[in-house]
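1. Any chance you could fold what I've pasted below:
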Amino acid sequence: MSDINLAVLLARESIRLDEKAADKKAAIEACGRALVEAGVVEEAYVPAMLEREKSISTHIGEGVAIPHATLAGKEAVLRDGLCFLRFPEGVDWDGSTVTICIGIAAQGDGHVDVLAQLAQILMVPEQAAALRNAADPDTVLRMLTPSPANEGE
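-> Predicted coordinates:
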């Protein structure tokens, strides 16, 4: 397991639990705006996120998508960071319903470790369901923080 602490990359202000989006494009743009507002990326990162989605879907299952940019977007990354947006009404993602979008911005290839760690958490149906139902940002942060029992694995 990676030694990246996802909660360190996720500012409490970048957790939004009551978002609305008409479609996946609007959901991806909302993630991009959240990353821009957090000071993680420049505006130019958002179109690169939309471009990534055109080449390969960022939907990973269990109602979760992990939007991130193409390689061209790397220049717009100011520092590694995440955002967590929940869409309680769901967003159509090419025929599947997505309720959680975790936007990723990473310099270099740090996104690979972040994606792998997120996938490990989110592909467990019980953990994905718990994140979908989190009542507040602190719960989200707690769920993305490695427990001491898992350290060193």
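2. The helix or strand bottoming out on mean pLDDT in the chain packs against which elements?
-> Counting by mean pLDDT, DSSP states H and E, the chain has its least confident helix or strand at helix 110-122, which shows a mean of 73. The contact analysis (3 or more CB pairs under 8 Å, 6 or more residues apart in numbering; DSSP states H and E) places helix 110-122 against helix 6-9, strand 59-61, strand 96-105, helix 125-132. (Each C-beta comes from the backbone N, C-alpha and C, glycine too.)
3. let's see it at 6 Å
-> Of the remaining helices and strands, none touches helix 110-122 by 3 or more CB pairs under 6 Å, 6 or more residues apart in numbering; DSSP states H and E.
4. between that helix and helix 125-132, what angle do the directions make?
-> Computed by axes from the mean of the first three to the mean of the last three CA atoms, to 10 degrees, the angle separating helix 110-122 from helix 125-132 equals 100 degrees.
5. which SSE is the nearest residue to residue 9 once chain neighbours are set aside in?
-> Spatial nearest neighbour of residue 9, excluding adjacent residues (CB to CB, 6 or more residues apart in numbering): residue 82 at 4.6 Å. Taking DSSP states H and E as the criterion, residue 82 maps to strand 81-93.
6. Contacts only, for the spatially most central residue of the chain.
-> The centroid of the chain falls nearest to residue 102 when counting by CA atoms, centre = their mean (1.4 Å). The contact partners of residue 102, taken as CB atoms under 6 Å, 6 or more residues apart in numbering, are 66, 82, 84.
7. any idea how far residue 42 is from it?
-> For residue 102, the distance to residue 42 equals 20 Å [CB to CB, to the nearest Å].
8. What residues of stretch 38-56 count as buried?
-> Across stretch 38-56, burial judged by 16 or more other CB atoms under 10 Å covers 38, 40, 41, 45, 46, 47, 48, 49, 50, 52, 53.
9. just to revisit the earlier point, what's next to the strand holding residue 82, contact-wise?
-> Outside strand 81-93, the residues within contact range by CB under 6 Å, 6+ apart are 9-10, 14-17, 19, 21, 24, 27, 30-31, 34-35, 38, 40, 59, 65, 97-105, 140.
10. possible to save the buried residues of stretch 38-56 as a markdown table with secondary structure?
-> Formatted as a markdown table, the buried residues of stretch 38-56 follow (DSSP: H, G, I helix; E, B strand; the rest coil):
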| residue | secondary structure |
| --- | --- |
| 38 | coil |
| 40 | coil |
| 41 | strand |
| 45 | helix |
| 46 | helix |
| 47 | helix |
| 48 | helix |
| 49 | helix |
| 50 | helix |
| 52 | helix |
| 53 | helix |
